[in-house]
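Asks: quick one: sequence plus predicted model below, questions after.
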Amino acid sequence: MARLESKRDVYWPGGDPSAELVLDRRVRSGAGGYMVRGVVGSDARSTAFWIKWCPDADPRALEQSIRHMHWWSEHYPQLARSVPKLIDYWRDENALLIEGVEGVPVGQLLNQDAKDLPAAIESVARWHYEYSQIGDVDVTELGTLLGSEVYRTPEGDLHVRADRLIESRIALASESAYQLSLSGCKAARQWSDRYDISRAVAYFESGVPAGFVHGDFKPDNVLIDGASFSVIDWWTAPRVSWSLCDVAVFAANLWMDPRRDAADAVWQAFARARFPDGVDSYTQYGIDILATMTCLQYLASRCNKARPIDRVYCRKALDRLLTRRHPIGMVVSSA
């Protein structure tokens, strides 16, 4: 609080110096750290902010995030408007001060009378499509992170060895399946029976165009405010990789949601806008296998909590995962 008070003229210039500065007592926790919401003022002109504390993050990665945000805002201001502004980085605390935005996570709007939700989801999809296309940049200037399988072609383009990326994800998924089996979900080891693993790896190309990825592009990291949106939890892991990984995370989270009809409606709206030229068999297969592995990692993490309710959920979700008739992320023709 003392830091915020001492620099309020820098963080919120032109504001009322007597306005009360309040931090919410509720703390949101996630894989990337902790988030607390705050507000300056108590009337209609109040200004919201977030503090993202990342105690275990690599300081070098956070430094790259700062450079990335500044570069992004300068070169692509229209796209940057959909990401809350980074106000400051407190190096000694591994914490980020971020502009507060209004909105409700997509997951909280399922099965509610949110008439603008389809239009907002389509806007999110178009944003992600444009965002993911920007891969051929001077990454030295950008200072961002390259995925482990990203390389530059002789022509200077950034590409991803999708086959190797899939292979590494299979290894992680197999470990997740093993952990699930130790927790009583023995059927998890059968996950790969749905795929011919060697042929699955060979199916993907050795070089696909790279683009920016969010890294945790799930519905709960998309805030909806009417027909507008904001993408959050983006600040600590900006990198260049295979954009289909983002799409698969979005599809996997919707597929696991028990409100299936509402979740599928959101997915269909997203997919049709995200792939304006349609979804070919290569893309469909990629979404399915990447999403399947995302589900396994999520279930393994949840099962580790050792609560009976989590174990029951994991067994049911795993059974559905292994016996499903259709691929995850299947796109139904609008015709």
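Replies: Structure received. Since this is a predicted model, take the numbers as computed values, not measurements. Numbering: from 1, shown residues only.

Asks: the residue lying closest to residue 94 once chain neighbours are set aside: how many residues sit nearby?
Replies: Spatially, and ignoring its direct neighbours in sequence, residue 94 is nearest to residue 54 (5.0 Å; C-beta to C-beta, 6 or more residues apart in numbering). The way it works is simple: take the backbone N, C-alpha and C, and place the C-beta from them, glycine included. When neighbours are counted by other C-beta atoms under 10 Å, residue 54 registers 20.

Asks: now residue 239
Replies: The number of residues packed near residue 239 is 19, by other C-beta under 10 Å.

Asks: ok, residue 175 next?
Replies: 13.

Asks: find the nearest non-adjacent residue to it, please.
Replies: Going by C-beta to C-beta, 6+ apart, residue 175 has residue 300 as its nearest residue, at 8.0 Å.

Asks: for that neighbour, which residues are in contact?
Replies: Counting by C-beta atoms under 8 Å, 6 or more residues apart in numbering, residue 300 makes contact with 175-177, 179-180, 183.

Asks: ok, of these, which one's closest to residue 109?
Replies: For the contacts of residue 300, the minimum distance to residue 109 (C-beta to C-beta) is 29.1 Å, reached by residue 176.

Asks: so which strand or helix has the nearest residue to the closest one once chain neighbours are set aside?
Replies: Once flanking residues are discounted, residue 176 sits nearest to residue 300: 3.9 Å by C-beta to C-beta, 6+ apart. The secondary structure element spanning residue 300 is helix 281-303 (assigned by DSSP states H and E).

Asks: tell me which residues in that helix are buried?
Replies: Neighbour-count burial for helix 281-303, counted by 16 or more other C-beta atoms under 10 Å, picks out 283-300, 302-303.

Asks: equivalent analysis for stretch 154-166, please.
Replies: In terms of neighbour count (16+ other C-beta under 10 Å), stretch 154-166 has its buried residues at 158-163, 165-166.

Asks: so for the residues you listed, which is the shakiest by pLDDT?
Replies: Sorting those by confidence puts residue 158 at the bottom, with a pLDDT of 87.

Asks: tell me the phi and psi of the nearest residue to that one once chain neighbours are set aside?
Replies: Sequence neighbours aside, residue 210 is the residue nearest to residue 158 in space, at 4.0 Å (criterion: C-beta to C-beta, 6+ apart). Backbone torsions for residue 210, taken as degrees, to the nearest 10, come to phi -90, psi 160.

Asks: need the contact list for residue 210.
Replies: By C-beta under 8 Å, 6+ apart, the contact list for residue 210 reads 135, 147, 150, 158-160, 240-243.

Asks: and with 10 Å instead?
Replies: By C-beta atoms under 10 Å, 6 or more residues apart in numbering, the contact set of residue 210 is 132, 134-137, 139, 146-147, 149-152, 157-162, 239-243.

Asks: also residue 219?
Replies: The contact partners of residue 219, taken as C-beta under 10 Å, 6+ apart, are 105-110, 121, 124, 249-251, 253-254, 257, 263, 266-267, 270.
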